[in-house]
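A.B. asks: With the sequence up front, the predicted model follows.
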Amino acid sequence: MREKIEEKLRAAFGESVISVSEFKGEVTAEVKRESIVEVCRFVKEDPELWFDFLSDVCGADMLDFEDASARKAYLAIEHDFRPAQVPIEERFRVIYNMISLKNKTRLRIKVKVDGENPVCPSVTSVYPAANWYERETFDMFGITFEGHPDLRRMYMPEEYEYYPLRKDFPLMGIPGSIPLPRK
């Protein structure tokens, strides 16, 4: 299946397809962020591929520190939210997990998103189920989805200015940043 997916994606999108790989029977395609909506529409509507079910959209923070001691020192600081190292270019990943019920196969599509301005096009026009998943990714990572019909926080209060699943968020949280219930 990997060969068929790669052949079709490269024929339709050319340079927008960065890589296609397979691990343990699951195919992963990395595409340019600007093409994600068209790629999703293509893999959903192509009669041979038919990835009709979006099972998940999630984020990943690829922030790295020069060494383990720098990370340990950084995480010990509770009130400073600047990374120990300038964020890497294309710091975040948005990952789309799809299933073709017809072919009984899975596809993972990844896009890189800039760390300074984390914006990615919304795929809700292709997969309406992306609505909830994109909101969750926005709430936890701060990745904004352009064209999303209702992009607001799900778990954290609207006025909360931090994103808990980012690697530069302190493990113990931010004292006083959110009112907690009394015991």
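C.D. replies: It's in.

A.B. asks: Let me see the ranges of the helices in the protein.
C.D. replies: With DSSP state H as the criterion, the chain has helices at 2-13, 36-45, 68-76, 130-141.

A.B. asks: which one of these is the most hemmed in?
C.D. replies: helix 130-141 (a mean of 21; mean count of other Cβ atoms under 10 Å). (Glycine included, C-beta is placed from N, CA and C.)

A.B. asks: That one - contacts with which helices or strands?
C.D. replies: Applying 3 or more Cβ pairs under 8 Å, 6 or more residues apart in numbering; DSSP states H and E, one finds that helix 130-141 contacts strand 53-61, strand 92-100, strand 144-146.

A.B. asks: per-residue pLDDT, E48?
C.D. replies: What the model reports for E48 is a pLDDT of 95.

A.B. asks: isn't it right up against K4?
C.D. replies: Yes. Using Cβ atoms under 8 Å, E48 is in contact with K4, at 6.7 Å.

A.B. asks: does the spatially most central residue of the chain have beta-bridge partners, and which?
C.D. replies: Nearest to the mean C-alpha position of the chain, by Cα atoms, centre = their mean, lies V94 at 1.8 Å. Note on V94: beta-bridge partners by DSSP bridges are G59, V111.
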